[in-house]
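**Q** Got a sequence here, can you build the structure:
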Amino acid sequence: MFENLKDKLGKILDGLKGRGVLTEKDIDQAMREIRITLLEADVALSVVKEFIEEVKQKALGQDVVKSINPGQMVVKIVHDHLVKTLGDRNISIDIDAQPPVIILMLGLQGSGKTTSSAKLAKRLTLKNKKKVLMASLDIYRPAAQEQLSILGSQLEIETLDIVKNERPIQITERAKEKAKLGGFDVLILDTAGRSQINEELMNEIKLITDKANPHEKILVADAMTGQDAVKIAETFHKKLNLTGIMLTRLDGDARGGAALSMTAVTGCPIKLIGIGEKLDEIDDFHPDRIASQILQMGDVVGLVEKASETVDKEEAEEVAEKIKKGKFDLEDFSKQLSQISKMGGINSLIGKIPGLGQLQNKNPSVDLDKEIVKKQQAIIFSMTPKERTTPEVLNASRKKRVASGSGSRVQDINILLKQFKQMNKMMKQMKKSGFKGLLGQGLSQFKQKF
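**A** The predicted model follows:
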């Protein structure tokens with residue numbers, strides 16, 4: 001997420017941190033470079049101008065000039081203004097109202113409305129313990145209603161029955177009635193989109209909005225489209241007075257222009273972000289955490305929250321004890337692969353740990369997806385118990401046998417062993433920081449240290 005922005009801002013600010021004294025010329029040069037970096041990241045020009053002006057004014061102040069480490073002070077100023085630009089504070093989806101609370105999901109075709117509706121339903125069901133009903137108002141896109149129904153079945157979340165030839169207004173009325181009579185806490189209405197904003201689309205949504213009287217009107221926008229997403233949000237907000245925005249595909253956005261411009265341009269808060277394709281890969285939007293990750297300061301709170309949702313604590317404690325004794329082996333590595341995969345991959349994990357952001361940039365190849373995890377675990381399961389506990393014994397002939405048994409190549413085994421060594425190295429780095437193991441209760445103790 002925001003890799004290009006992280007890398008370039010990191011280099012600029014690292015140049016300032018290494019200096020004992022900062023002159024006005026130094027700050028001017030840094031501001032020029034930051035301005036170019038933000039524009040290249042597709043941040044709106046008006047947002048960039050305001051950001052640079054405010055940061056420069058504070059960076060030239062007496063508090064910076066006379067501080068012991070002026071470079072660090074400038075970094076803090078940049079961080080604080082990133083937080084402000086991103087929206088200043090977390091504003092969550094509001095479900096504190098008379099049930100059924102109606103959430104209207106809006107957006108253009110291809111923005112991910114239907115999947116986002118299912119993600120939000122799952123989150124409200126599991127995290128907030130709410131009884132959720134989903135209904136698709138999209139009668140135009142082929143199989144759109146069936147898609148939501150299938151997602152509902154997968155998640156065991158009820159969806160409104162599909163009735164042929166019903167209009168969106170009729171579906172809205174029926175959904176409201178069922179939600180009320182069925183004792184549902186939340187009703188999520190997935191509206192139809194168009195390939196572009198047009199009068200027909202906006203008129204229909206206005207009628208649906210009047211009929212539904214939603215408590216939340218959430219625009220689903222694709223972060224990868226940059227300023228196009230911002231312009232779409234601006235139009236929807238003017239017409240419908242949105243209550244919030246959900247940015248999808250933020251995990252694949254290397255630039256960050258939409259996230260950094262959205263709230264500043266529209267005045268509407270980003271409430272949710274999509275951080276992957278899986279139905280549990282949705283998160284609240286925290287401006288302070290995003291700013292910290294952009295500046296590679298980590299996100300320990302987010303790391304702890306994610307771990308608490310996914311980690312087997314007993315297993316994590318067992319692994320932590322082995323690390324402490326220097327007995328971490330390939331079987332433990334296999335268990336950790338599964339845990340890390342659940343937490344979004346090792347790059348996602350490293351990016352949340354203060355001081356290890358640079359490691360993320362240097363080792364992009366160590367990121368893990370589900371298929372790679374399966375492949376690597378197949379290799380480990382093809383080894384003998386001795387080979388798993390002491391991988392040093394894996395010579396050429398043993399590797400050939402393991403490759404044959406796991407349907408892989410010797411090169412794949414070498415890659416696995418290299419990653420095992422990298423993880424061992426990372427474990428030792430964390431241990432020096434007071435981080436007792438990679439996952440589990442060690443996370444909460446690590447949190448207390450920062």
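**Q** where along the stretch 151-300 of the chain do the strands fall?
**A** In the stretch 151-300 of the chain, the strands defined using DSSP state E, counting those that start in this stretch lie at 158-159, 186-190, 216-222, 244-248, 270-274, 282-284.
**Q** would you turn those strands into TSV with mean pLDDT and mean neighbour count?
**A** C-betas here are computed from N, CA, C, even on glycine. Formatted as TSV, these follow (pLDDT from 0 to 100; neighbours: other CB atoms under 10 Å):
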stretch	mean pLDDT	mean neighbour count
strand 158-159	97	22
strand 186-190	97	28
strand 216-222	96	25
strand 244-248	95	27
strand 270-274	95	24
strand 282-284	92	19
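**Q** could you redo those as TSV and give each row distance to L337?
**A** Output for those, formatted as TSV (distance: least, CB to CB, whole Å):
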stretch	distance to L337
strand 158-159	35
strand 186-190	34
strand 216-222	30
strand 244-248	27
strand 270-274	24
strand 282-284	22
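**Q** and S408, which of the ones you listed is closest to it?
**A** Nearest to S408, of all the strands of the stretch 151-300 of the chain, is strand 270-274, at 32.6 Å by CB to CB.
**Q** Of the strands of the stretch 151-300 of the chain, which is nearest A30?
**A** Here strand 270-274 is closest among the strands of the stretch 151-300 of the chain (CB to CB), at 27.4 Å.
**Q** Only alpha carbons, please: show the closest one as PDB.
**A** Taking C-alpha atoms only, strand 270-274 is exported to PDB below (Å, rounded to 0.1, in the frame of the first residue of the first chain):
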ATOM      1  CA  ILE A 270     -13.400   7.800   4.600                       C
ATOM      2  CA  LYS A 271     -15.000   5.300   7.000                       C
ATOM      3  CA  LEU A 272     -13.900   2.000   5.600                       C
ATOM      4  CA  ILE A 273     -11.100   0.500   3.400                       C
ATOM      5  CA  GLY A 274     -10.900  -2.700   1.400                       C
END
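**Q** Outside of it itself, which residues are in contact with it?
**A** Contacts with strand 270-274, where a contact means CB atoms under 8 Å, 6 or more residues apart in numbering, come from 86-87, 91-93, 112, 115-116, 119-120, 218, 223, 243-251, 259, 262-263, 281-285.
**Q** Sheet-wise, list the partners of it with their directions.
**A** In the sheet, strand 270-274 lines up against strand 244-248 (parallel), strand 282-284 (antiparallel) (DSSP bridges).
**Q** A helix includes N4, no?
**A** Yes: counting by DSSP: H, G, I helix; E, B strand; the rest coil, N4 falls inside a helix.
**Q** Any idea which of the strands of the stretch 151-300 of the chain gets closest to L295?
**A** strand 270-274 (18.0 Å).
**Q** tell me the angle the closest one makes with strand 216-222.
**A** 50 degrees (axes from the mean of the first three to the mean of the last three CA atoms, to 10 degrees).
**Q** now strand 270-274: how far from the chain's centre is it?
**A** Per CA atoms, centre = their mean, to the nearest Å, the displacement of strand 270-274 from the mean C-alpha position of its chain is 9 Å.
**Q** for stretch 409-416, which positions count as buried?
**A** 412-413, 415-416 (16 or more other CB atoms under 10 Å).
**Q** ditto for stretch 21-41
**A** Quick answer for stretch 21-41 (16+ other CB under 10 Å): 22, 26-27, 30-31, 33-35, 37-38, 41.
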